[in-house]
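**Student:** just the structure for this:
(one chain, ligands or ions: 1)
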Amino acid sequence: MTVYRNITTHLNYLDDRRTIYSCAHCNTHLIYQDDIISKAFQGQTGRAYLVVWINNIKLGVKEKRMLITGIHTIAEISCIHCHNKLGWKYIHAVESSQKFKEDKFIVEKQKIVKETTSIPSNTYYED
Ligand SMILES: [Zn+2]
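**Tutor:** The predicted structure follows:
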């Protein structure tokens, strides 16, 4: 069976046995923690994550942008549900040292929240 990882137009619910990051605005599932390559990137509003894949997003129009590391072709990404801008996708990098970022995504840390599945301490189970 082939697994397609296309950007879809309907909401995908991620496997909640894995650690997930969701949209801070509407809680749509976006990223598996395993797909985060680096947490030391700089976004427009501060710290940002570099991720290999993000679910439930809409891709904006391609544009050239001058970033700290040179000219890149990027496309803004936003939450498919609430349209909150999350960051951008690197489409093309001019500098060969930046090529590793192509087809990856920058997600602003402020725009996402880590899902917590822990059970509250006052919860108990009866037999
Ligand atoms: Zn959202």
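**Student:** what about the nearest residue to Arg65 once chain neighbours are set aside, how many residues close to it?
**Tutor:** Distances taken as CB to CB, 6 or more residues apart in numbering put Ile74 closest to Arg65, at 5.2 Å, once the chain neighbours are dropped. Backbone N, C-alpha and C define where each C-beta goes, glycine included. By other CB atoms under 10 Å, 22 other residues sit near Ile74.
**Student:** please apply the same query to the one 3 residues further on.
**Tutor:** Number of residues near Ile77 (other CB under 10 Å) recorded here: 22.
**Student:** contacts only, for it.
**Tutor:** Applying CB atoms under 8 Å, 6 or more residues apart in numbering, we find Ile77 in contact with Ile54, Ile57, Lys58, Leu59, Gly60, Lys85, Leu86, Gly87, Trp88, Lys89, Phe105, Val107.
**Student:** so the strand or helix carrying it, near the ion or not?
**Tutor:** Assigned by DSSP states H and E, Ile77 belongs to strand 70-79. Yes. Shown here: strand 70-79 in contact with the ion (CB under 5 Å from the ion) through Cys79.
**Student:** near the ion, anything from the helix or strand following that strand?
**Tutor:** Downstream of strand 70-79, the first helix or strand assigned by DSSP H and E is strand 85-93. No. Applying CB under 5 Å from the ion, one finds strand 85-93 separated from the ion by no less than 8.1 Å.
**Student:** so strand 85-93 versus strand 70-79, what angle?
**Tutor:** Strand 85-93 and strand 70-79 are oriented at 140 degrees to each other (axes from the mean of the first three to the mean of the last three CA atoms, to 10 degrees).
**Student:** buried sites along strand 85-93?
**Tutor:** Neighbour-count burial for strand 85-93 flags Leu86, Gly87, Trp88, Lys89, Tyr90, Ile91, Ala93 (criterion: 16 or more other CB atoms under 10 Å).
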